[in-house]
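# Kindly generate the corresponding structure for this input.
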Amino acid sequence: MRIKICGITKPEQGAAIACLGATALGFICVPSSPRYVTPAQIQAVVSQLPHPVDCIGVFANAEMGEIVQVVAIAGLTGVQLHGSESPEFCQQLRQVLPSQEIIKALRVRSPADLLAAESYLQVVDALLLDAYHPQMLGGTGKTLEWTTLSQFTPSCPWFLAGGLTPDNVLVALSQLQPSGIDLSSGVEHSPGDKDLDRVAQLFKKLSQPE
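Model (predicted):
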């Protein structure tokens with residue numbers, strides 16, 4: 001299972017989290033976010049990683065040219081689209097960035113929101129399901145209603161996000177079978193400042209299920 005820790009801002013924390021076992025690091029490329037990092041800041045983290053891990057830039061309703069530019073400067077291996085990007089936009093981005101992984105995030109309020117996933121299956125590499133918040137795009141600390149996802153079996157890989165912590169991750173995984181999990185606020189002191197003890201606790205839980 002893939003384990004993505006999102007909202008990385010500091011090179012030393014990115015390196016430590018990679019060493020602890022993360023398979024992907026997420027970088028917030030949305031200027032309004034408290035976890036926002038510039039392309040140069042991302043590159044500083046990427047350059048200090050002890051071994052290769054997936055490096056995913058998180059964008060929300062950004063221009064395609066901006067995404068391509070950030071990917072090139074920062075050295076990103078993937079792009080996560082967290083806004084209202086259409087399947088057509090994802091298809092165009094795939095053509096412009098054929099080597100990068102493309103993940104479409106869906107904010108789930110009700111089972112009806114899962115129907116939107118169908119239109120993205122052919123144009124992205126993976127989906128990410130996050131909790132809905134009227135003002136915030138992610139990192140809200142709110143959990144999804146996991147029961148609403150029990151029948152969600154898309155034909156592409158998918159990440160479970162939304163309020164996951166070391167304390168509840170095994171409960172979530174006992175109910176669902178995602179391809180990966182994505183944590184941000186659940187392993188933080190404050191936005192963008194990761195709690196490495198909490199990250200270590202997460203990996204301990206995942207390796208030794210209770």
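# can we go C-alpha only for contacts and neighbour counts from here?
OK.
# Let me see the residues that make contact with the strand ranked longest in the chain.
In the chain, taking DSSP state E as the definition, the longest strand is strand 101-108. Contacts with strand 101-108, where a contact means C-alpha atoms under 8 Å, 6 or more residues apart in numbering, come from 77-83, 90, 94, 113-114, 117, 120, 124-133, 137, 144.
# which residues of the chain fall in helices?
If DSSP state H is used as the criterion, the helices of the chain fall at 11-20, 39-46, 64-74, 87-96, 169-175, 196-207.
# Next, the angle from the fourth one to strand 101-108.
Think helix 87-96. 160 degrees (axes from the mean of the first three to the mean of the last three C-alpha atoms, to 10 degrees).
# Find out how far helix 87-96 is from the centre of the chain, if you would.
19 Å (C-alpha atoms, centre = their mean, to the nearest Å).
# avg pLDDT for it?
Mean pLDDT, computed over helix 87-96, is 98.
# tell me which residues of it are tucked away?
87, 89-91, 93-94 (16 or more other C-alpha atoms under 10 Å).
# quick revisit: could you dump the helices of the chain into a markdown table and include distance to Pro154?
Below are the helices of the chain laid out as a markdown table (distance: least, C-alpha to C-alpha, whole Å):
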| stretch | distance to Pro154 |
| --- | --- |
| helix 11-20 | 28 |
| helix 39-46 | 31 |
| helix 64-74 | 26 |
| helix 87-96 | 16 |
| helix 169-175 | 16 |
| helix 196-207 | 23 |
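# Which of these sits closest to Gln151?
helix 169-175 (10.6 Å; C-alpha to C-alpha).
# any weak-confidence spans in the protein?
132-142, 209-210 (pLDDT under 70).
# CA-only coordinates of the longest strand of the chain in PDB, if you can.
Provided in PDB are the C-alpha atoms of strand 101-108 (Å, rounded to 0.1, in the frame of the first residue of the first chain):
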ATOM      1  CA  GLU A 101       1.400  10.600 -12.500                       C
ATOM      2  CA  ILE A 102      -1.900  12.400 -12.400                       C
ATOM      3  CA  ILE A 103      -4.200  12.100  -9.400                       C
ATOM      4  CA  LYS A 104      -7.600  13.600  -9.200                       C
ATOM      5  CA  ALA A 105      -8.900  14.400  -5.800                       C
ATOM      6  CA  LEU A 106     -12.700  14.300  -5.100                       C
ATOM      7  CA  ARG A 107     -14.200  15.900  -2.000                       C
ATOM      8  CA  VAL A 108     -17.000  13.600  -0.900                       C
END
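# Just give me how far it sits from the chain centre.
8 Å.
# Can you give me the buried ones in that strand?
Under the neighbour-count criterion of 16+ other C-alpha under 10 Å, strand 101-108 has 101-108 buried.
# What of stretch 4-17?
Per 16+ other C-alpha under 10 Å, stretch 4-17 contains these buried residues: 4-11, 13-17.
# tell me how far the ends of that stretch are from each other?
Terminal residues of stretch 4-17 are spaced 10 Å apart (C-alpha to C-alpha, to the nearest Å).
# And it, how far out from the chain middle?
13 Å.
# Count the residues that sit near the nearest residue to Leu206 once chain neighbours are set aside.
Closest residue in space to Leu206, ignoring its immediate chain neighbours: Leu170 at 7.3 Å, by C-alpha to C-alpha, 6 or more residues apart in numbering. Neighbours of Leu170 under the rule other C-alpha atoms under 10 Å: 17.
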